[in-house]
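Student: Sequence and predicted structure, then a few things I'm wondering about:
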Amino acid sequence: MTRRNNPELNDEREPIDKIKASIDLKKKTIRRNKRKRRLIKMLQFLIVIGVFVGIYYFDKSDASRIHNVRVNGNVILSDAEIKDAINIHENQRIYLTFKPLINYKGKKVKGIDNVDANVYYRQGIINLNVTEKKAVGYTLEPTIRIYFEDGYYKELESVNPSVIERLPLLVGFTEESISESLLSALATIDDGSMASVSEIHFEPTKVEPDYMRIVMNNDYFVFTNVETLPQLNKYATIISGADSSARCIEFIEYGPTEETQSAVVKACGS
């Protein structure tokens, strides 16, 4: 006697089987996605570890370091003091060195007008192209100093003729009398006129506490104060029309136009 299937029972089991199959498929999908996520996280972790290991070994290698810092254009300031002021030296990390930052720091250094840096990462070389502030004079006593237009001065142990040959010697000045206004006025004098100056003597009077006697290198003398000092730019013009026996020039007034500028050329002692 054969067993007969109940069609109604089969119809009821089919939806149940489909639901079970759907659930099993979802579980498989979830497990597969979990495995993928774990694999991705593991790969990400390995990549991060690899990056840190690579950075570590690169940082320890010579390729990450500054091999040479070249300073160009400086005349008075030494290479060492420029490097110290900007805080850039050999064996520092070159990948942490950026041109805009070097240029910005360079402009903040006393005695320096501008720094234009070039960074060569592959070679490990940094070039510092320096423009110094204008040097306007020097003293020999009580110490040897070269003064810049911004008020900064550099002390020297000995005199380098090539450095001071076009600068006037400041005689009789105190630290207080070498004022910012004096240095600014000296900075307005062009190189040609400045080269004609041998010495500047500080000779204050009750009426003019900043009075000066300037010894020119062609046996002329100029008497002036800080306010009229920029008239020295007219020195060549003034002596060109003067009597050869008149060797003393006194700057009387200085203004923005020639009409407001006046000077007297006379025999010394008169």
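Tutor: Perfect, I can see it now. Numbers count the residues shown, from 1 in each chain.

Student: can we go C-alpha only for contacts and neighbour counts from here?
Tutor: OK.

Student: quick one: residue 191 from residue 225, how far?
Tutor: As judged by CA to CA, to the nearest Å, residue 191 and residue 225 stand 20 Å apart.

Student: Compare those two (neighbour count), which wins?
Tutor: residue 225 (23 against 13; other CA atoms under 10 Å).

Student: Could you find the closest non-adjacent residue to that one?
Tutor: Once flanking residues are discounted, residue 225 sits nearest to residue 211: 4.5 Å by CA to CA, 6 or more residues apart in numbering.

Student: who touches that neighbour in this structure?
Tutor: 202, 203, 204, 205, 223, 224, 225, 226 (CA atoms under 8 Å, 6 or more residues apart in numbering).

Student: rerun at 6 Å
Tutor: Residues in contact with residue 211, defined by CA atoms under 6 Å, 6 or more residues apart in numbering, are 203, 204, 224, 225.

Student: Show me the helices in this structure, by range?
Tutor: Ranges of helices in the chain, per DSSP state H, are 7-60, 79-86, 99-107, 161-164, 180-187, 191-194, 235-240.

Student: mind checking which of the ones you listed is nearest residue 147?
Tutor: Residue 147 lies closest to helix 180-187 among these, at 7.8 Å (CA to CA).

Student: Now the closest one: buried residues?
Tutor: By 16 or more other CA atoms under 10 Å, the buried positions in helix 180-187 come out as 182, 183, 184, 185, 186, 187.

Student: Count the neighbours of residue 179 for me.
Tutor: Residue 179: 15 surrounding residues under other CA under 10 Å.

Student: separation between residue 137 and residue 242?
Tutor: 28 Å.

Student: Those two: which is more packed in?
Tutor: Under the neighbour definition other CA under 10 Å, residue 137 and residue 242 were set side by side, and residue 137 has more, 23 against 14.

Student: List the beta-bridge partners for the more buried one.
Tutor: residue 147 (DSSP bridges).

Student: list the contacts for it?
Tutor: 146, 147, 167, 168, 169.

Student: residues touching the last one, list them.
Tutor: Applying CA under 6 Å, 6+ apart to residue 169 gives the contacts 137, 138, 139, 199.

Student: mind redoing it with 10 Å?
Tutor: Contacts for residue 169 were tallied using CA atoms under 10 Å, 6 or more residues apart in numbering; they are 136-140, 146, 197-201, 214-215.

Student: Among those, name the buried ones.
Tutor: Buried, going by 16+ other CA under 10 Å: 136, 137, 138, 139, 146, 197, 198, 199, 200, 201, 214, 215, out of these.

Student: how far away is the second one from residue 173?
Tutor: Same thing as residue 137. On the measure of CA to CA, residue 137 and residue 173 end up 11 Å apart.

Student: Between those two, which contacts overlap?
Tutor: With CA under 10 Å, 6+ apart as the test, residue 137 and residue 173 both reach residue 200.

Student: if I pick residue 109, what's in contact with it?
Tutor: 82, 85, 86, 115, 132, 152.

Student: how many neighbours does the nearest residue to residue 153 once chain neighbours are set aside have?
Tutor: Once flanking residues are discounted, residue 153 sits nearest to residue 147: 4.3 Å by CA to CA, 6+ apart. Neighbour count of residue 147, defined by other CA under 10 Å: 23.

Student: any idea how far residue 147 is from residue 99?
Tutor: Applying CA to CA to residue 147 and residue 99 gives a distance of 29 Å.

Student: And residue 179, by the same measure?
Tutor: Plainly put, residue 179 is 34 Å away from residue 99 if you go by CA to CA.
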